[in-house]
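>>> got a predicted structure here, sequence first:
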Amino acid sequence: MIKLLQLLINPFLLPLVPAVVIMALVAGNITPYKLELTDRRLLRENETIWYGDMTNDGNSEHVTILDGEDRVSVRIEDYRGRVFRQWNYVGSLENLRLHNVPIMGDHNHDGNNLLFMFTMSGDSLLLHRMDLTKDLETEPDYRGRFITRVGYPGYQPDPRVRGTDMADLTGDGKKELIFNVSAGFVLRPRNVYAYIIEEDSLIKSPTAVYSLRDMRQADLTGNGKQEILLSGSSTGNIDARQHHFHDSSNWLMVMDQDLDFLFEPLEIPGPGNRINVYDYLDDGQPMIAVVELRHNHAEDARVHVFYPDGKKKFSICTGAVYSQAYQLPRDNGLLLALYGDGPGTILYDPIRDEIIRELDIPLSGQLVSKDITGDGRPEMISPDISNGRVTIFRDELNSHVSISEQIDEGRFRSLSFIERPGEVPLIHIQSDQFAYILRYAANPHYSWAVAYFAGIYAVFFLFGMASRTYQKNQLSKKQAIEKKITELQLNLVKNQLSPHFSLNAINAAIHTIKKEETEKAADYLRRFSRLHRAMVLSAEQMHRTLADEIQFTADYVELEKLRFDHAFAFEIEMDDHVDQQVNIPKMILQSHAENGIKHGLSGKKGDGLLRIRIEQHHRTITIRITDNGVGREQAEERPVYSTGRGHKMMEEYYRLYNKYYHTQITQQIEDLYDQEGRPAGTSVEIMIFLNQA
């Protein structure tokens, strides 16, 4: 046993245990990439910030959107802060749930991106177009293009607008703006639209009342053109009696270039659910995957796979309840990240019905994929703002890095990228009225991980060796402080209760007896006896209670009043809620009272006053000792009454007391003057900050 104990306390082995623990904790934080917050600021109410490269010069423009009561202001600035253009649009964003706002794209391949915004004016949804190449004086921008009416009279319109990438639907070599509009709790509109920019015309999908959500495009038929796959949710506001494509079920809807159904929509029964629709390649064959997610936590999520003509290939149950899904990039086959209200996320291959990997960190409902580092492998950004966290994943979620301590919980509003030529893009995220700029880049410390681990052990080893020396010196230092405090206290006692004081007090008492004032003499002798008794009993103590210090000081001052033939008055004022049982340093009141008498009141002729005021606020006791004597300037003119040594002694006493007892004490001395600027006494303020119980 003794040998084992000696082995455990070996200076080389002992640091190994904490070093291994620290290494295990730090290893998870030393990642190939790091995420850091570079800027955080508070925006104005109803202000949205967004970044996008409208001029295709590699620099992102700064777009500021300010929503007023009946006007939306859009200002665009370049990367140097110069204002390009400002537009003011009719309408508001208040009741408009926008996604991917604004929508940007180069429709005619001229190298300039158009910017599109939607606003609500009454019950009308309006589309606005911004083009930095237009000369507003000769060719004004088109604005206020009517799209559709939303809701019914008496109902608050609440449309949700989602856009997707521009695509050439008409075959004229120019791209159209594609978006869907889905009302919330009212019947219409719930349609997909294509805006033909050059002709200023609209194409609208067939009438349906299914609640639409995301859109994605894929060439399912192999004709070189993009079909549109729609995701949605069965909100249960409209049943089958009101419309064929109702929202009491989900519907697999795929649209062609004319926004007609590629095949008759397929019903996926079940209210309270939602579907995410994806495309993937199965050995070169385009396929459609429908992930049926559960919001009511009653059934497990399912995956349905269809051929491009709408025929089902198979369905499979995931075996658990999930409310969110995301498709990860894969050259062949289907890989899904499934997550929900639980603590983590799984990577699931429905083709093989296999869980690839489990993660202990959840994803957010707004996921953005972008190749930030420029290595050809896109990162996945998960702004989980509702939980105050932003996470970036890489390599099919194999690695991730998060930031949370500087992100406020809130409602996610927008995510965009600040791009500069030759630089890693910055990530701009807005949550409610807070805007954050994040930098994601390679971690230069990653390659030094082994050296860091060796350094950790070296630090603990050196710390262990140094602590031995430190522990040996601690006891002697503590004893030295105690000795110094004791010496200071003895000097204070010697200085303040000298034999000269005692003889004067006794002579004054004898003089009172001779005047046949026996009761007064007896009182003074009792005070004198109590004073010396207190000194003897507390000789080994560094402090005493506030009540004992007040009594000690009162006895001392009354004896001094007798000595000076009542040439001054004495008052003690104390708030009722002051805790008189707290411990304070010995002599802290008496020493300053004695200074006030000796250096201030002894040189004053008549009407002298010594006042002590004690207050307590929470854990702070404030003591003010005030005299109306001759003041320090006049006292210093009499060398016999020099004040410097006593004050310096008290300051050193406080410093050592604070260091030893961890109780902060401050002292401030103020010279008092009358209205004519003449010295009128001295005030000493002592503040004692008590330790929490």
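Arrived safely, thanks for sending.
>>> hey, let's count contacts and neighbours off CA atoms from now on
Will do.
>>> can you give me the neighbour number for R80?
Other residues lying near R80 total 9 when counted by other C-alpha atoms under 10 Å.
>>> how much space separates it from P102?
Distance from R80 to P102, counting by C-alpha to C-alpha, to the nearest Å: 21 Å.
>>> could you do G677 as well?
In terms of C-alpha to C-alpha, G677 sits 70 Å off from P102.
>>> point out where the stretch 101-250 of the chain drops to low pLDDT.
101, 135-142 (pLDDT under 70).
>>> dump the residue contacts of the closest residue to F412 other than its chain neighbours.
Leaving aside its chain neighbours, F412 sits nearest to S431 (4.6 Å; criterion: C-alpha to C-alpha, 6 or more residues apart in numbering). Contacts for S431 (C-alpha atoms under 8 Å, 6 or more residues apart in numbering) come out as 385, 408-414.
>>> same thing but at 7 Å, please
Neighbour list for S431: 385, 410-413 [criterion: C-alpha atoms under 7 Å, 6 or more residues apart in numbering].
>>> nearest to Q590, out of those: which one, please.
G410 (58.1 Å; C-alpha to C-alpha).
>>> still on that earlier bit, so what sits opposite the residue nearest to F412 in the bridge?
Beta-bridge partners for S431, by DSSP bridges, are F412, F434.
>>> and it, how far is that from S92?
Using C-alpha to C-alpha, we find S431 at a distance of 19 Å from S92.
>>> for R394, same thing?
38 Å.
>>> over to L281?
From L281 to S92 the distance is 42 Å (C-alpha to C-alpha).
>>> hang on, the earlier thing: more neighbours, R394 and S92?
Between R394 and S92, counted using other C-alpha under 10 Å, S92 has the larger neighbour count: 22 against 16.
>>> list the contacts of the more buried one.
67-72, 119-121.
>>> using ChimeraX, define a selection of the buried residues within these.
To isolate in ChimeraX the members of those that are buried, counting by 16 or more other C-alpha atoms under 10 Å, one can use:
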select :67,68,71,72,119,120,121
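>>> now do the SS call for the nearest residue to F118 once chain neighbours are set aside.
Setting aside the residues directly before and after it, F118 is nearest to L127 in space (C-alpha to C-alpha, 6+ apart), at 4.7 Å. Classification of L127 by DSSP: H, G, I helix; E, B strand; the rest coil places it in strand.
>>> show me the beta-bridge partners of L127.
Under DSSP bridges, the residues paired with L127 across the bridge are F118, R145.
>>> now swap in V684 and tell me
Counting by DSSP bridges, V684 is bridged to I625, I669.
>>> show me which residues of stretch 264-271 are buried.
Result for stretch 264-271 [16+ other C-alpha under 10 Å]: buried residues 266, 268, 270-271.
>>> and of these, the nearest to R533?
Scanning these for proximity to R533, where the rule is C-alpha to C-alpha, the winner is P271, at 88.9 Å.
>>> do a quick rundown of the helices in the stretch 1-150 of the chain.
Remark: helices assigned in the stretch 1-150 of the chain by DSSP state H, counting those that start in this stretch are 2-8, 16-27.
>>> follow-up on the earlier one: give the contact list for the residue nearest to F118.
Counting by C-alpha under 7 Å, 6+ apart, L127 touches 116-119, 143-147.
>>> could I get those residues as a markdown table with distance to S399?
Below are the contacts of L127 laid out as a markdown table (distance: C-alpha to C-alpha, whole Å):
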| residue | distance to S399 |
| --- | --- |
| F116 | 36 |
| M117 | 36 |
| F118 | 38 |
| T119 | 40 |
| R143 | 45 |
| G144 | 46 |
| R145 | 46 |
| F146 | 46 |
| I147 | 44 |
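>>> what's the strand or helix carrying L281 in contact with?
Using DSSP states H and E, L281 maps to strand 273-282. Strand 273-282 is contacted from outside by 218, 229-234, 250, 286-295, 332-334, using C-alpha under 7 Å, 6+ apart.
>>> roughly how far is that strand from the heart of the chain?
37 Å (C-alpha atoms, centre = their mean, to the nearest Å).
>>> tell me the contacts of the residue positioned nearest the centre of the chain?
Nearest to the geometric centre of the chain sits Q406, at 3.8 Å (C-alpha atoms, centre = their mean). By C-alpha under 7 Å, 6+ apart, the contact list for Q406 is empty.
>>> so it: helix, strand or coil?
Under three-state DSSP, Q406 falls in the coil class.
>>> so, low pLDDT: which residues of the stretch 401-550 of the chain?
Counting by pLDDT under 70, the stretch 401-550 of the chain shows low-confidence ranges at 448-453, 464, 468, 475, 479, 482-517, 539-540.
>>> I'd like the average pLDDT over stretch 390-398.
The average pLDDT for stretch 390-398 rounds to 88.
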